[in-house]
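Peer 1: No letters, just coordinates:
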């Protein structure tokens, strides 16, 4: 497995890297640090000088990050000129990466806010699974995996992909469904999913939870407030489901301001 970790060299990005390193140990994976920059200058004559300075500073900082790695994980780096979301997607497509792990808030000031507002864009437009890591989250604080299910033609391939990405963590799973009102058809569907995962993955522990909420965001937030030591999983399937999740600005904010790690399985 190859993991891409975008970084703006902020403390939050370093926290995401620590999360990625712990995850990589479980998956026998390598990591590539990606630093993307967008140079702003007044005159074309300044371009070469500014680009050279940015890249030299970035190279030194990235090499320092790699030198601090004492976990025996294979880590390299790339420096790309362009916006962070464009650089991430292009690098993934060019390098056969299997996952992106990134922080949910960037630095401010001279380092710029590269990570935060781009997280939702990467999640929506990317081709591979993404783990968004909040600033105060850490890998060892995750005690369960909460999978949000819409109970509407769930994709079996996504479920199997989820298990490939998380089964080695040896954590219990919670299948979470948010409902506004009782729905008999979804009750039947929920029972069928219980049977499927229990039979397909007999060595894993599953719990099944339904919560009431005015919408997905509200119900999930209520659950996460009561269960802060979990990783939330969303299974993408078609554009209509993603439109539901990211249709409103509040839902976008939920994606990258969540206080627990968020894994979106593509």
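Peer 2: Cool, got the structure. Note that the coordinates shown come from a computational prediction; the quantities given were computed from them, not determined experimentally.
Peer 1: pLDDT value on residue 154, please?
Peer 2: For residue 154, the model assigns a pLDDT of 73.
Peer 1: oh, I was asking about residue 237
Peer 2: Looking at residue 237, its pLDDT is 62.
Peer 1: Outline the domain layout of this structure.
Peer 2: 2-133, 142-265 (automatic domain parsing).
Peer 1: could I get those domains as CSV with mean neighbour count?
Peer 2: Every C-beta, even on glycine, is put in place using the N, C-alpha and C of the backbone. Shown next, in CSV, are these (neighbours: other Cβ atoms under 10 Å):
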stretch, mean neighbour count
domain 2-133, 18
domain 142-265, 16
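Peer 1: Going along the chain, name the helices of the chain.
Peer 2: Taking DSSP state H as the criterion, the chain contains helices spanning 11-27, 44-67, 84-95, 119-125, 156-166, 184-200, 216-226, 239-246, 249-257.
Peer 1: Any idea which of those gets closest to residue 150?
Peer 2: The closest of the helices of the chain to residue 150 is helix 239-246. By Cβ to Cβ, the value is 6.3 Å.
Peer 1: Where does the prediction get shaky in this structure?
Peer 2: Low-confidence segments of the chain (pLDDT under 70): 39-45, 105-117, 153, 237-257.
Peer 1: Just the residues contacting stretch 54-65, thanks.
Peer 2: 7, 9, 14, 17, 33, 35, 37, 39, 75, 77, 79 (Cβ atoms under 8 Å, 6 or more residues apart in numbering).
Peer 1: Apply 10 Å and report the result again.
Peer 2: Stretch 54-65 is contacted from outside by 5, 7-9, 13-14, 17, 33-39, 75-79, 81, using Cβ atoms under 10 Å, 6 or more residues apart in numbering.
Peer 1: swap in stretch 193-203?
Peer 2: Contacts with stretch 193-203, where a contact means Cβ under 10 Å, 6+ apart, come from 147, 149, 151, 154, 156, 159-160, 163, 167, 170, 173, 175, 177, 204-208.
Peer 1: Alright, I will stop here.
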